[in-house]
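J.: the sequence isn't on hand, but the structure is:
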């Protein structure tokens, strides 16, 4: 594969999509704020034990998966589980300390999907973000922002690779398949 420098005319569209990605990431993560759960049974439980629960939050969110009980008696999502919001956001993956941590998949009702690593409810580490229009970014994320080496595939299937920094991506190269 040969790489050529990116044409300046296409940078505006890419930067706009990267800015949208960052805003969507912040919005998606904000909707997954940690929420306390009431003790759903009145029996003493060990904090080391993992329980399978199906819980509906007061706001209508649903969680089906693993949890543990804290020393104060509150259940927290820990392990593998599925969290669904009434407006159609679905997270399937790892939880730690009642937050999305580890590998998971977050689907937004707009059609946007992030699959990759999370840290404290944020896209963090390697992942793939697919935009509702079908374009996608695969690479590094740092606290909900694209950061570092990555690849962007636009809606026409052209692949751009290089170093990304939030909404900027100077020196991107187009991959040519010959």
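T.: Received, thanks. For clarity, every value in this text was computed on a predicted model and none was experimentally measured. Residues are numbered from 1 along each chain as shown.
J.: isn't there a helix covering residue 91?
T.: No - applying DSSP: H, G, I helix; E, B strand; the rest coil, one finds residue 91 to be strand, outside a helix.
J.: just give the number of residues close to it.
T.: Applying other Cβ atoms under 10 Å, we find 24 residues neighbouring residue 91. C-beta here means a position set from N, CA and C on the backbone, and glycine is covered the same way.
J.: surely it and residue 106 touch.
T.: Yes - with contact defined as Cβ atoms under 8 Å, residue 91 counts as touching residue 106 (4.9 Å).
J.: leaving out sequence neighbours, find the closest residue to residue 159.
T.: residue 175 (4.3 Å; Cβ to Cβ, 6 or more residues apart in numbering).
J.: next one: residue 94
T.: residue 102 (3.0 Å).
J.: residue contacts, the one you found?
T.: Residue 102 makes contacts with 93, 94, 95, 96, 117, 118, as judged by Cβ atoms under 8 Å, 6 or more residues apart in numbering.
J.: now, these that are in strands?
T.: Mapping the contacts of residue 102 onto strands (DSSP state E) picks out 93, 94, 95, 96, 117, 118.
J.: ok, the contacts of residue 102 vs residue 156, which is closest?
T.: The nearest member of the contacts of residue 102 to residue 156, counting by Cβ to Cβ, is residue 117 at 28.4 Å.
J.: how many other residues sit next to the closest one?
T.: Neighbour tally, residue 117, other Cβ under 10 Å: 20.
J.: okay, it: pLDDT?
T.: On pLDDT, residue 117 comes in at 98.
J.: run through the bridge partners of the residue lying closest to residue 62 once chain neighbours are set aside.
T.: Among residues not flanking residue 62 along the chain, residue 84 sits closest, at 4.8 Å (Cβ to Cβ, 6+ apart). Residues in a beta bridge with residue 84, per DSSP bridges, are residue 62, residue 90.
J.: wait, isn't residue 84 in contact with residue 61?
T.: Yes - with contact defined as Cβ under 8 Å, residue 84 reaches residue 61; the gap is 6.8 Å.
J.: contacts for the helix or strand containing residue 138?
T.: According to DSSP states H and E, residue 138 maps onto strand 136-142. Contacts to strand 136-142, defined as Cβ under 8 Å, 6+ apart, come from residues 18, 21, 25, 116-117, 122-130, 146-153, 164.
J.: what's the distance between the closest residue to residue 53 other than its chain neighbours and residue 147?
T.: Using Cβ to Cβ, 6+ apart and skipping residues adjacent in sequence, the residue nearest residue 53 is residue 67, 5.2 Å away. According to Cβ to Cβ, to the nearest Å, residue 67 and residue 147 sit 32 Å apart.
J.: more neighbours: the two, which one.
T.: Neighbour comparison, residue 67 and residue 147: the larger count goes to residue 67, with 23 against 17 (by other Cβ under 10 Å).
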